[in-house]
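**Q** just a sequence and a predicted model for now, questions to come.
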Amino acid sequence: MGRLLRPCVFIAICAILALAQAPEAQGGKSKGGGKGEKHPNIEAAIKALEKAKAELQKASHDFGGHKVSAIGAADTAITELKAALAAAPKTKPKKGKGK
């Protein structure tokens, strides 16, 4: 169980660092125009996970036996975040309408 938890903690730390780098976290505005405009934190997390995965793949050591599972966890997280973006509503629901 501990061997499985460590890569998940690593991935969570990467995602948190990515979110801290997002434009809104730094008081700025997102770069507009693209699909990431509505969810810049998710886009930033995907980019950070992709960079972390690339570093893991290039590393000559195995991170205490966690390299393969961390790469797999990064792949899973990236896939889920991309699916979340694809499933996100394209427009914001209007306040006061609905149930």
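**A** Received, thanks.
**Q** I figured L85 was touching H39, is that so?
**A** Yes - applying C-beta atoms under 8 Å, one finds L85 in contact with H39, separated by 6.0 Å. Placement of C-beta: from N, CA and C, glycine included.
**Q** helix, strand or coil for T79?
**A** helix (DSSP: H, G, I helix; E, B strand; the rest coil).
**Q** quick check: it vs S69, distance?
**A** T79 sits 15 Å away from S69, going by C-beta to C-beta, to the nearest Å.
**Q** again with A54
**A** Computed as C-beta to C-beta, the A54 to S69 distance reads 16 Å.
**Q** who has more neighbours, the two?
**A** Taking neighbours as other C-beta atoms under 10 Å, A54 and S69 compare with S69 leading, 16 against 12.
**Q** nearest spatial neighbour of K38, chain-adjacent residues omitted?
**A** A88 (7.1 Å; C-beta to C-beta, 6 or more residues apart in numbering).
**Q** so that neighbour sits right up against L81, yeah?
**A** No - between A88 and L81 there is no contact under C-beta under 8 Å: 10.6 Å.
**Q** these two touch, right, K82 and A45?
**A** No - when contacts are counted by C-beta under 8 Å, K82 is not listed as touching A45 (10.5 Å).
**Q** comparing the two, which shows the higher neighbour count?
**A** Set side by side, K82 and A45 show more neighbours around A45, with 23 against 13, by other C-beta under 10 Å.
**Q** backbone phi and psi for that one, please?
**A** Dihedral angles of A45 (phi, psi; degrees, to the nearest 10) stand at phi -70, psi -40.
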